[in-house]
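K.L.:
here are the coordinates; sequence isn't available:
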C-alpha cells in the first residue's frame, strides 16, 4: 500500500507537467543524462536505511535524594554492545558483526536479559562514576528489556544502578568507555541543586558537578556545547537535512531565490522546534521521518523542471520547515533540558543548526557554484544529475521509512 501511494504521487506530478507542457517528462531527458539517472538509481538502491534525527547516544540520568541516596538510570542499545559493534559504526548494518546484532535483536526479553546479565561485568567495568575522584560502588538493581517490537528500530534496555553519595558536598563525574560511544549524562535533584545535562563524545569525562548547588558550567560553555550539537546534527549527521538544503541551493544560481527559501525554512523550523520543546505540539517520528524524505523528493522534482522561484514555493518550503523542526526537536528531547538552561540551550542549538545549513551552502558554492554556475552547461551537466540523485535518495528513504 505505501508503495502504491508513493507511485501515485509521482504519477500525479509528472501528469501535471505533461498537461501543462505537452511534453512527456522522459522525452526531456538527454540520453547521457538518462544513463546517468539509471546509474544513480542503481547506486541509491544499495543505500541502507538512514535515520538522521534518531541520534541514539546512551541516555544516563543520575537522580539524588535529600538523604544522598542516588539512582542511575541507563537507557542503552545493549544488543549492539554485546555484539561488539564499536562506536565507530553509526549504523549496525555497517559493521561486519551486523548478523550477530540482528540475532540478538530478535531475542525475546527473557532470553536477552540472561545475555545481558552475563555481559554486565564487562559493561559495568566501562562505566566510571566518581565522587571527589573516588570511584563509586555501584549496585545493579534492575534490568528492563522491552518487547521485540519493530525489528527495524533499535531496542533500548533500561538498567538501574543505585548507591549512596559520600557525606558533605562531593563533586560528581561520569565517564563512559570510548568503545560504548556517546552518552548524554543528566543529573536531577542534586542535593539542594538544579538539573544539568551534558552530551559527551566517545570516552569524554563530564565536567565536575557539585552535588550541592549548581554545576559550574558557564554561559559560554553552555552556548558552545549546544552550538556544536546543532551544527553536528546537520554536518555530518543530518544527511537528509543536507540534501534538502542542497535542493534549495540548486533551484537557481541567483542569490535572491536562495535567500527567500532559506529564510522561509529557517523561520518555520525555528517555530516548530520551540513549540515542540515547550510541549505544545507533538507529532510521532513515524510520521515526521517519511514527510522529511518526501520534502527532499518535492524540491528535487521541481528543480528538474524549473529554475524560477515559483510564487507558491516559499510557502511549501515553509511547510516543510515546520516538519523539519520536529526532527530537530528530537535531539534536544534526548537532553531533557532543565528550566534554567532551556531558553539558552534552545537558542544556541538553533544557531548551530543555522550554521550547519550555511556551511552546507558554502561548501556547495565553493565546490561548484563559484567555478561553473555561470557556464551554459551548468544546469544540464551539474544541477540535473545531482537533482536526480537527491530526489531518488529521498524517494528511497521515504519507502524505507514507511515499510
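P.N.:
It's in. Keep in mind it's a predicted model, so treat the numbers as computed, not measured.

K.L.:
contacts, neighbours, all on C-alpha from now
P.N.:
Fine.

K.L.:
May I have the secondary structure class of residue 253?
P.N.:
Per DSSP: H, G, I helix; E, B strand; the rest coil, the local secondary structure of residue 253 is coil.

K.L.:
Got the phi and psi for it?
P.N.:
Residue 253 has phi and psi values of phi -80, psi 0 when expressed as degrees, to the nearest 10.

K.L.:
Spatially nearest residue to it (excluding sequence neighbours)?
P.N.:
For residue 253, ignoring the flanking residues on the chain, the nearest one in space by C-alpha to C-alpha, 6 or more residues apart in numbering is residue 373 at 6.1 Å.

K.L.:
What count of nearby residues applies to that neighbour?
P.N.:
18 (other C-alpha atoms under 10 Å).

K.L.:
Likewise for residue 173?
P.N.:
Neighbour count for residue 173, taken as other C-alpha under 10 Å: 21.

K.L.:
For the remainder of this discussion, apply numbering that starts at 781.
P.N.:
Let's use 781 as the start, then, which means that last one is residue 953.

K.L.:
did I read that right, it in a strand?
P.N.:
Yes. Membership of residue 953 in a strand is supported by three-state DSSP.

K.L.:
Assumed residue 843 was part of a strand.
P.N.:
Yes. Counting by three-state DSSP, residue 843 falls inside a strand.

K.L.:
correct me, but it touches residue 851?
P.N.:
Yes. Using C-alpha atoms under 8 Å, residue 843 is in contact with residue 851, at 5.3 Å.

K.L.:
For residue 964, which three-state class applies?
P.N.:
Once three-state DSSP is applied, residue 964 turns out strand.

K.L.:
Residues contacting the helix or strand in which residue 904 is found, please?
P.N.:
In this assignment (DSSP states H and E), residue 904 forms part of helix 889-905. By C-alpha atoms under 8 Å, 6 or more residues apart in numbering, the residues outside helix 889-905 that reach it are 858, 862, 884, 923-928.

K.L.:
would you list those in CSV and tack on pLDDT, secondary structure and distance to residue 1033?
P.N.:
Below are the contacts of helix 889-905 laid out as CSV (pLDDT from 0 to 100; DSSP: H, G, I helix; E, B strand; the rest coil; distance: C-alpha to C-alpha, whole Å):
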residue, pLDDT, secondary structure, distance to residue 1033
858, 91, helix, 48
862, 91, helix, 50
884, 91, helix, 50
923, 92, strand, 56
924, 93, strand, 54
925, 92, coil, 52
926, 90, coil, 50
927, 90, coil, 51
928, 86, coil, 49
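
K.L.:
For those, pick the one with the most neighbours.
P.N.:
residue 858 (26 neighbours).

K.L.:
what is the mean pLDDT for stretch 953-970?
P.N.:
Averaging pLDDT along stretch 953-970 gives 85.

K.L.:
List the buried residues in it.
P.N.:
953-958, 960-970 (16 or more other C-alpha atoms under 10 Å).

K.L.:
Out of the contacts of helix 889-905, the closest to residue 1082 would be?
P.N.:
The nearest member of these to residue 1082, counting by C-alpha to C-alpha, is residue 928 at 40.8 Å.

K.L.:
Measure how far the helix or strand that the helix holding residue 904 is followed by is from the centre of its chain, please.
P.N.:
Later in the chain than helix 889-905, the nearest helix or strand by DSSP H and E is strand 907-911. Relative to its chain's centre, strand 907-911 lies at 28 Å (C-alpha atoms, centre = their mean, to the nearest Å).

K.L.:
from the contacts of helix 889-905, which two are the most distant?
P.N.:
The farthest-apart pair in the contacts of helix 889-905, when distances are taken by C-alpha to C-alpha, is 862 and 927, at 17.7 Å.

K.L.:
May I ask you to confirm that residue 877 is in contact with residue 859?
P.N.:
No. Using C-alpha under 8 Å as the test, residue 877 is too far from residue 859 to be in contact (11.1 Å).

K.L.:
which intervals of the stretch 981-1130 of the chain have sub-threshold pLDDT?
P.N.:
992-997, 1114-1121 (pLDDT under 70).

K.L.:
from what I can see residue 1108 touches residue 1053, true?
P.N.:
Yes. If you go by C-alpha under 8 Å, residue 1108 and residue 1053 touch, sitting 6.5 Å apart.

K.L.:
And the helices in the stretch 781-930 of the chain, which stretches?
P.N.:
782-801, 811-824, 858-863, 878-885, 889-905 (DSSP state H, counting those that start in this stretch).

K.L.:
and the shortest one, what does it pack onto?
P.N.:
Counting contacts by 3 or more C-alpha pairs under 8 Å, 6 or more residues apart in numbering; DSSP states H and E, the secondary-structure elements packed against helix 858-863 are helix 878-885, helix 889-905.
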